[in-house]
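Q: Need a 3D model of the following:
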Amino acid sequence: MRIALAQTNPTIGALDANAAAIAAMLDKAQDLEADVVLFPELCICGYPPRDLLLQSGFLEACQATADRIGAAHSRGTVVILGLPRPALDTSGRRIGLWNSLAVYRDGGQMDWYDKRLLPTYDVFDEDRYFTPGSRAVAIDVRGRAGMVRLGLAICEDLWRGEDAGFAARYSDGPDPIDELAQLGCRAILSASASPFVLGKGERHLAILQKHAKKHNLHVASVNQVGGNDDLIFDGRSCVVAPDGRVITRAAAFETALVCIDLPLTQSTTSVVSAITAPDRTAAAISAARLAGAGHGHDEDLSDDEQLFHALVLGVRDYLGKTGFKSALLGLSGGIDSAVTAAIAAIALGPTNVLGVSLPGPYSSEHSKADAYDLAERLGIQCITIPIAPSFDGAVAAIDPAMTALNTTTLGEKLPDLAEENLQSRLRGTILMALSNRTGSIVLTTGNKSELAVGYCTLYGDMNGGLAVLSDVTKHWVYRLAQFMNEQHARLGYAKPPIPAGSIDKPPSAELRPNQTDQDSLPAYDVLDEILSRYVERHQSASQIITACAGRPGFDEATVRRVIRLTDLSEYKRRQAATGLKVTGVAFGTGRRMPIAQGWKSP
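A: Purely as a prediction, here's the structure:
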């Protein structure tokens, strides 16, 4: 049986463009004489379609698109496509929606399979839209050695929440894979749209191996790739043998077609061909990729490299799918803006990134120099717009009003919080003005640690259209910087991209004389662990205090202060730019905390 896994990168709702990409993959698969071609979950419309599913005409358009592809491309090949469709009861009355796989053969529809397990946790909200399917579906396909029975599954049918810590959700429900094995299936074909999270790839592989060994069958899983809003999909489509061996795996973070022979009546397996087809423009491909150097399969990628490629893909697709061709950002000389700019330069090409130095009254000379050093290393343009004249004018306008209100004036207490925020807001205003003039999107540069505790300014450094590092803690920002410098040639940089000064100097917002972040925040190694425990592992203050007892910096007052700042800053995060999700719990659609609330962590 020759099976092809088509790892596509759909744009949500762009049915014609998605269909064209699917057709191109099918042409390649048929050139390789594939018997079956499997596409990702909801590949017709892209995942997650969210409330597009509720729009009049959307389901009908998805069905028509799938039928058109099936009619044109299933002659001699079984084609399996993911799409939403109306859920009907036995009398034909509509009762909801199904998340389905449509199976086409010889120009017509052969069968359907409707997803049975619907994840509703973290970023997933499938119970809001879909009705669970009720039947196991196996299809008989003629291969080179005769008829073979293949079982169909969709994403959560395989994972059962085990990859995300929600296995208890399905403890009383059916196991779709068990039922397929009981039907005599020799292989499971699973279509997924599973977002990237650091560490999840290893958990997914372990689950695939468990199913393969338990039922003594092959498991082939195809996953969507690309960025859709805050979510990044890493692909990593693979086939696992009954003994748990990984027979083949598609490259991570790229579109790809993997075609493999599964002699299901024999004891050997061979890879026919693995075709990688990146869907990126020349400007977005690094020199290493143009030279033919791939970043390999995900088992070859360290956590640092996975994070780097995920963020590059997220930036490239967010801009490409929303129509932006270029980006700009403020360059402070600090580590966060340096890493953001370096990621953007690879994602978009250096000529499509503009750096803006916005020195203020407390900006150091080395910070200004580091900003230009970064720009030179990346090959991006950098301009300088001092904010001092605007700042002086704003202070002169505001001070009389403060005096009239009998309030402490900016001039009587230098600097105060209002003055610090004013500098940030002037910078944000200038960046947005440049965005309006140039048509470039503003990338915000704040990291997860700062966003958590509110160490950021509304309508200032939070201004922008995409928050590249909003799910990357300060610890990981430094790790990324070191990684990019150490591996610069392989990643596509002409020289180490991050200036040593940006890495070595104490982090500072430079909004008052001699300021450092640690004037008002714990050391970042302490802060990041508290945040990891509170935000990602949902631990209470007392649990964190107990777990970290005796360690410097984790005293009760510090732990409770960090938690309090995190809770108080929810209103800021609700107004932040869309951020790229790379961890188990990101600030955004997967974490829905109330703003006005009175709960205090025990």
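Q: Distance check, Q482 against F308.
A: As judged by CB to CB, to the nearest Å, Q482 and F308 stand 11 Å apart. Placement of C-beta: from N, CA and C, glycine included.
Q: Between those two, point out the one with more neighbours.
A: When neighbours are counted by other CB atoms under 10 Å, F308 comes out ahead of the other of Q482 and F308, with 24 against 14.
Q: surely N447 meets R479?
A: No: contact status for N447 versus R479: not in contact, 11.8 Å apart, counting by CB atoms under 8 Å.
Q: any low-confidence regions in the stretch 451-600 of the chain?
A: 509-512, 515, 517, 519 (pLDDT under 70).
Q: Helices along that one, start to end?
A: For the stretch 451-600 of the chain, the helices defined by DSSP state H, counting those that start in this stretch cover 474-486, 488-491, 500-504, 524-531, 541-547, 556-568, 570-574.
Q: how far does the second one sit from the chain's center?
A: For helix 488-491, the gap between its own C-alpha mean and the chain's C-alpha mean amounts to 22 Å (CA atoms, centre = their mean, to the nearest Å).
Q: How about stretch 168-187?
A: Here stretch 168-187 is found 29 Å from its chain centre; the criterion is CA atoms, centre = their mean.
Q: which other residues reach it?
A: 1, 3, 116-117, 119, 121, 136, 138, 148-153, 157-158, 160-161, 188, 211, 214-215, 217-220, 262, 264 (CB atoms under 8 Å, 6 or more residues apart in numbering).
Q: And the buried ones among the residues you listed, selectable in PyMOL?
A: Only the buried entries of the contacts of stretch 168-187 go into this PyMOL selection, using 16 or more other CB atoms under 10 Å:
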select buried, resi 1+3+116+117+119+136+138+148+149+150+151+152+153+157+158+160+161+188+211+215+217+218+219+220+262+264
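Q: so of the contacts of stretch 168-187, which ones are in strands?
A: I3, A138, V148, R149, L150, G151, L152, A153, I188, H218, V219, A220 (DSSP state E).
Q: Reformat the residues you listed as JSON lines; add distance to Q518.
A: What follows is the ones in strands among the contacts of stretch 168-187, written out as JSON lines (distance: CB to CB, whole Å):
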{"residue": "I3", "distance to Q518": "55"}
{"residue": "A138", "distance to Q518": "61"}
{"residue": "V148", "distance to Q518": "63"}
{"residue": "R149", "distance to Q518": "63"}
{"residue": "L150", "distance to Q518": "58"}
{"residue": "G151", "distance to Q518": "56"}
{"residue": "L152", "distance to Q518": "55"}
{"residue": "A153", "distance to Q518": "50"}
{"residue": "I188", "distance to Q518": "52"}
{"residue": "H218", "distance to Q518": "54"}
{"residue": "V219", "distance to Q518": "49"}
{"residue": "A220", "distance to Q518": "51"}
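Q: Which two among those are spaced furthest apart?
A: V148 and A153 (16.2 Å; CB to CB).
Q: Give me the pLDDT for E365.
A: pLDDT for E365: 83.
Q: To clarify, my last question referred to I95.
A: So I95 comes in at 86 (pLDDT).
Q: would you say it is within a strand?
A: Yes: counting by DSSP: H, G, I helix; E, B strand; the rest coil, I95 is found in a strand.
Q: Can you tell me the number of residues neighbouring it?
A: 11.
Q: these two touch, right, it and P132?
A: No: with contact defined as CB under 8 Å, I95 does not reach P132; the gap is 11.3 Å.
Q: list the contacts for the residue lying closest to P176 once chain neighbours are set aside?
A: Of all residues not flanking P176 in the chain, D157 sits nearest, at 4.2 Å (CB to CB, 6 or more residues apart in numbering). Contacts were defined as CB under 8 Å, 6+ apart; by that measure D157 touches K115, R116, L117, P176, I177, S190.
Q: Now the two most distant members of those.
A: K115 and I177 (13.1 Å).
Q: Give me the more crowded residue out of N447 and R479.
A: Each of N447 and R479 has its neighbours counted (other CB under 10 Å); N447 has more, 28 against 18.
Q: quick one, phi/psi of the more buried one?
A: Backbone torsions of N447, given as degrees, to the nearest 10, read phi -100, psi 170.
Q: Make 14 the first number, not 1, from now on.
A: Let's use 14 as the start, then, which means that last one is N460.
Q: Could you tell me how far the closest residue to it other than its chain neighbours is located from K381?
A: Of all residues not flanking N460 in the chain, L482 sits nearest, at 4.6 Å (CB to CB, 6+ apart). Distance of L482 to K381, given as CB to CB: 22 Å.
Q: So these two - more neighbours on which side?
A: More neighbours surround L482 than the other of L482 and K381, with 29 against 18 (other CB under 10 Å).
Q: Pretty sure that one sits against T458.
A: Yes: if you go by CB under 8 Å, L482 and T458 touch, sitting 6.6 Å apart.
Q: Residues that sit against both of those two, list them.
A: D349, T353.
Q: if I read this right, R438 contacts M475, doesn't it?
A: No: with contacts counted by CB under 8 Å, R438 stays clear of M475, the gap being 9.7 Å.
Q: The two - which one has more neighbours?
A: M475 (22 against 19).
Q: For that one, give its distance to T21.
A: 34 Å.
Q: R141 too?
A: 25 Å.
Q: For the stretch 314-463 of the chain, give me the ranges with low pLDDT.
A: In the stretch 314-463 of the chain (pLDDT under 70), the answer is 419-428.
Q: one more time with 90
A: In the predicted model, the stretch 314-463 of the chain carries pLDDT under 90 at residues 314, 373-381, 408-433.
Q: just the helices in it please.
A: 316-335, 348-361, 378-391, 401-417, 430-451, 461-466.
Q: and those, which is most packed in?
A: Each of the helices of the stretch 314-463 of the chain was scored by mean neighbour count; the highest is helix 348-361, a mean of 28, by mean count of other CB atoms under 10 Å.
Q: What helices and strands are in contact with that helix?
A: Contacting helix 348-361 under the criterion 3 or more CB pairs under 8 Å, 6 or more residues apart in numbering; DSSP states H and E are the following elements: helix 316-335, strand 340-343, strand 366-370, helix 378-391, helix 487-499, helix 513-517.
Q: One more pass at 6 Å, please.
A: Contacts defined by 3 or more CB pairs under 6 Å, 6 or more residues apart in numbering; DSSP states H and E place helix 348-361 against helix 316-335, strand 366-370, helix 487-499.
Q: can the ones you listed go into CSV with extra columns for distance to Y385?
A: Formatted as CSV, the helices and strands packed on helix 348-361 follow (distance: least, CB to CB, whole Å):
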stretch, distance to Y385
helix 316-335, 22
strand 366-370, 7
helix 487-499, 17
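Q: Which of these sits closest to D80?
A: Using CB to CB, those put helix 316-335 closest to D80, at 25.2 Å.
Q: Ramachandran coordinates for the most centrally placed residue in the chain?
A: Centroid check for the chain by CA atoms, centre = their mean gives I245 as the closest residue, at 2.6 Å. Dihedral pair for I245: phi -120, psi 130, per degrees, to the nearest 10.
Q: and what of the one 10 residues further on?
A: Backbone torsions for P255, taken as degrees, to the nearest 10, come to phi -60, psi -20.
Q: Find the nearest non-adjacent residue to it, please.
A: N229 (4.7 Å).
Q: wouldn't that neighbour be in contact with A254 here?
A: No: the pair N229 / A254 is not scored as a contact, 9.9 Å apart, by CB atoms under 6 Å.
Q: So between those two, which is more surrounded?
A: A254 (19 against 11).
Q: residues in contact with the more buried one?
A: I260 (CB atoms under 6 Å, 6 or more residues apart in numbering).
Q: Need the residues that contact stretch 91-106.
A: Under CB under 6 Å, 6+ apart, the answer for stretch 91-106 is 49-57, 66, 72, 75, 79, 83, 86, 107-111, 113-118, 144, 154, 204.
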